[in-house]
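Chemist: A structural model of the following input is requested.
(2 chains)
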Amino acid sequence: MENMQPSSQTHFLDKLSPFAKKLLLVFAGMVSIILFFFLPPNQDWFKNKILAYYRDLRTEKANLDLEHRKRYRFGSDYTYSKQIASFFEKKNNKTSALVLLPSTSYFKAYGLEYHVPEPAVFYYFTGLKTLWPNSTNAADAKWYVHASKGKIVVDSVQSRNVLLDTIAAFKKFDISL
Amino acid sequence: MISVLTILLFTLLQLIAGFGILTLFNIQLKPGLFLSLSMLLGVAVFSLVPFILQLFYIPLTSLNIFLSLVIACITLNIKFRNGLHHLKIIFQNTHFKIRLYEIPFLTLITIIVLISVWRCFYMPPTPRDLNSGAEVIAEYAVHEGTMINSVFAVNLETTNNVFKPPFIICLQIIYKLAGFPFGQLWLSTVFISFVIFLYHAVSATVHRLVTGLLIICFLAIPEMYAYTFMVLFDYSNAVFFFLSLYFLFIFFANKQTGYLTFAGLLMGIATYIRSETLVLACLVIPAITWNNLKSSDGFKKWVIICLIFLAPTLICYFICVPVYVNHYLPIKYNIQNQVNPHLLNLKPLLTRFIDVNRELIFSKDGITYYGYFIFIFVFALALEIIFSRRFTRAGKNWLYAVLVIYIGLPILGYLLPLLDLDNSTKRGLFKVFPLMLLYMANNGLLIKLSERITKWEMANSN
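Modeler: Residues are numbered from 1 along each chain as shown, chains lettered A, B, ... in the order given. Sure thing, here's the model as predicted:
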């Protein structure tokens, strides 16, 4: 009797028409997909990535402006960097200026959420050459950026001694990528 | 509209270039594999053209680049007639058919792929490793007509990304010159072609129901999916590394030199994308040796096979690193300094191996990065060991390939300490997933299950 059960079941499945078999396979496929995305990490990925990206897409397609897309993706890293570069653009010396930038932790200490891009990325964002306080040629800077009253300020280097003091002051803050 | 036309034109050129290469090596494949592989090879050809121009100091202008691309396509198609004849035959003998039960899987795959393509188009390049290296160089190369440009006048003490091989730089230059300010869309070509290739490669051995599920599992690897729209080296590297092994294993079966040379070429491309692939290529040699011993081909033939397989890799490494980095770039980069000076101390190797397992694979973070894919692989492997107690020949090959990455990544981290766990190794593991996928496609139990489903599906109902 025990052997009868599976054989009758097989018989039933074999009796199905080709189309019914295909429908059964469709059903099996859909069940396997549902089961797969029922697992928590897969479910999270589908909800937080695929569906979220799809929701984003609907608003993104209305905002195709390149600058908007950069600001949207890079956030304050980009907007603050562009603000600094615009100072030099107005002075028409963006390509020749060499600017000393303090670190992210410096700005944080002064209440500014500005993740300072490393010189290569800053150059990519703006076309302006920058230096970090721990750069070997930091003392070559002709300009420096600092925070004052919650704002980012650009100043020219008046003397080498002042610049060296500024570098020493900037170095007191943690410098990291 | 112009963008769409440009992409279509690029796709056509890439197809033609890839078609030419496949014809040159006399690679015979079914249409799905043939066309997707042609696209991938076309992307590789595109990535080489600006680099070759740069090596000869030819200005990287639109005219020079696009003319060179056309010339490359024509040159690679010297055996065009043979290729066309082969293409006619394979298309005559193939009937394109989507089965009803494939539709849910294909719909889901299409949605996942399209969302990636959109983000690839919409979002600017994001990874820091890209923006501080390949992307910034490409951006200024478009304006200055050379990859050796003003970026090298910037303070680069915080990055070594400018010294990486120019695969991405070249593709970014081409796509930016073609009117895509963020470039990147070549990655979607790689992604789509690779998914098509995998779908056909997997369905060659297992039922399409199983194929669909395996491909969904593969696509839903969160970290790997993210890099289908965030340009970096690792996804493309994984693709070409996989392809190289795919054709090497075909060579093991059919012994046709064209497949071996082609596998070597693909490994060379993988090395062009990430130079440390050289080490992984060397770890493939035991598989060649084992295959050679089984065939009793002798030592001389073993040497020749190894040379054919490794030569393109060595050439690509030599041109990209000692030649290009040391003799073209204006800033010196000492590669020897990057190598672990205490190679006799094996403790860091063991530590790295344990860390890879503890932090990246068998951990909560591992599941966040890679989902359950590794566990699905382990489950399939365990089932085969318990119930079948023997592997298929192809299964053994793919298992060895998995081992190459599993052992190879800790070795790389030990040789080059700069390849850290949280970034380089985490992304380096992308290489293992297509290999695991193909192992599962050659898992004896899954093949038997597939045969049963097919037999049942095809049986006449009376």
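
Chemist: Quick check on the spatially most central residue of chain B: phi, psi?
Modeler: With distances taken as C-alpha atoms, centre = their mean, the residue of chain B nearest its centroid is B:V239 (1.6 Å). Main-chain torsions, B:V239, degrees, to the nearest 10: phi -60, psi -50.

Chemist: now it: how far from A:I34?
Modeler: 30 Å (C-beta to C-beta, to the nearest Å). To be clear about C-beta, it is placed using only N, CA and C from the backbone, and glycine gets the same treatment.

Chemist: same question, B:L177
Modeler: 45 Å.

Chemist: between these two, which one's more packed in?
Modeler: Each of B:L177 and A:I34 has its neighbours counted (other C-beta atoms under 10 Å in any protein chain shown); B:L177 has more, 19 against 10.

Chemist: Just give the closest residue to the more buried one, not the sequence neighbours.
Modeler: Distance criterion C-beta to C-beta, 6 or more residues apart in numbering or on different chains; nearest residue to B:L177, sequence neighbours excluded, is B:S62 at 4.9 Å.

Chemist: Repeat that for B:D297.
Modeler: Per C-beta to C-beta, 6+ apart, closest to B:D297 is B:I305, 7.8 Å.

Chemist: Thought B:W290 was touching the one you found, still the case?
Modeler: No - using C-beta atoms under 8 Å, B:I305 and B:W290 do not qualify as a contacting pair, with a distance of 11.9 Å.

Chemist: Looking at those two now, which is surrounded by more residues?
Modeler: Comparing B:I305 with B:W290 by other C-beta under 10 Å, the one with more neighbours is B:I305, at 22 against 14.

Chemist: Check whether stretch B:178-190 comes near chain A.
Modeler: Yes - using C-beta under 8 Å from any C-beta of the partner chain, a contact is recorded between stretch B:178-190 and chain A, made by B:181-182.

Chemist: on that earlier part again, who's in contact with the helix or strand in which the residue nearest to B:D297 is found?
Modeler: Using DSSP states H and E, B:I305 sits within helix B:299-318. With contacts defined as C-beta atoms under 8 Å, 6 or more residues apart in numbering or on different chains, helix B:299-318 is touched by B:165, B:248, B:257, B:260-261, B:263-265, B:267-272, B:275, B:277-278, B:281-282, B:284-285, B:288-289, B:292, B:297.

Chemist: For that helix, could you pull out the residues that count as buried?
Modeler: Neighbour-count burial for helix B:299-318 flags B:302, B:305-306, B:308-310, B:312-314, B:316-317 (criterion: 16 or more other C-beta atoms under 10 Å in any protein chain shown).

Chemist: and which of these is nearest A:V162?
Modeler: B:Y317 (48.5 Å; C-beta to C-beta).

Chemist: can you list the domain ranges for chain A.
Modeler: For chain A, automatic domain parsing gives the domain ranges A:4-62, A:69-171.

Chemist: B:I27 contacts B:T257, doesn't it?
Modeler: No - using C-beta under 8 Å, B:I27 is not in contact with B:T257, being 11.8 Å away.

Chemist: Report how many residues lie close to B:I7.
Modeler: With other C-beta under 10 Å as criterion, B:I7 counts 18.

Chemist: And for B:D297?
Modeler: By the criterion of other C-beta under 10 Å, B:D297 has 14 neighbours.

Chemist: SS state for it?
Modeler: Under DSSP: H, G, I helix; E, B strand; the rest coil, the three-state class of B:D297 is coil.

Chemist: Quick check: the gap between it and A:F12.
Modeler: Taking C-beta to C-beta, one finds B:D297 at 53 Å from A:F12.

Chemist: Report the contact partners of B:P59.
Modeler: B:53, B:145-146.

Chemist: Turn those residues into a markdown table, including secondary structure.
Modeler: Shown next, in a markdown table, are the contacts of B:P59 (three-state DSSP):
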| residue | secondary structure |
| --- | --- |
| B:L53 | helix |
| B:G145 | coil |
| B:T146 | coil |
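
Chemist: Looking at neighbours, which among these is most surrounded?
Modeler: That'd be B:L53 among the contacts of B:P59, by other C-beta under 10 Å, with 21 neighbours.

Chemist: ok, the residue lying closest to A:I175 once chain neighbours are set aside - how many residues close by?
Modeler: Nearest non-adjacent residue to A:I175, counting by C-beta to C-beta, 6+ apart: A:S103, 4.3 Å away. The local packing of A:S103 (other C-beta under 10 Å) involves 22 other residues.

Chemist: same question, the one 3 residues further on
Modeler: Close neighbours of A:Y106, defined as other C-beta under 10 Å, add up to 23.

Chemist: can you tell me if the helix or strand hosting it touches chain B.
Modeler: Using DSSP H and E, the element containing A:Y106 is helix A:104-109. No - if you take C-beta under 8 Å from any C-beta as the test, helix A:104-109 misses chain B, and the best it gets is 12.6 Å.

Chemist: give me the low-pLDDT residue ranges for chain A?
Modeler: Confidence mapping of chain A against pLDDT under 70 gives the ranges A:1-11.

Chemist: my guess is A:H146 meets A:L100, correct?
Modeler: No - using C-beta under 8 Å, A:H146 makes no contact with A:L100, being 9.2 Å away.

Chemist: between these two, which one's more packed in?
Modeler: Between A:H146 and A:L100, A:L100 has the larger neighbour count (other C-beta under 10 Å), namely 24 against 18.

Chemist: which residues touch that one?
Modeler: Contacts of A:L100 by C-beta under 8 Å, 6+ apart are A:130-133, A:138, A:141, A:143-145, A:157, A:163, A:166-167, A:170.

Chemist: change it to 10 Å
Modeler: A:L100 makes contacts with A:130-133, A:135, A:138-146, A:155, A:157, A:163, A:166-167, A:170, as judged by C-beta atoms under 10 Å, 6 or more residues apart in numbering or on different chains.
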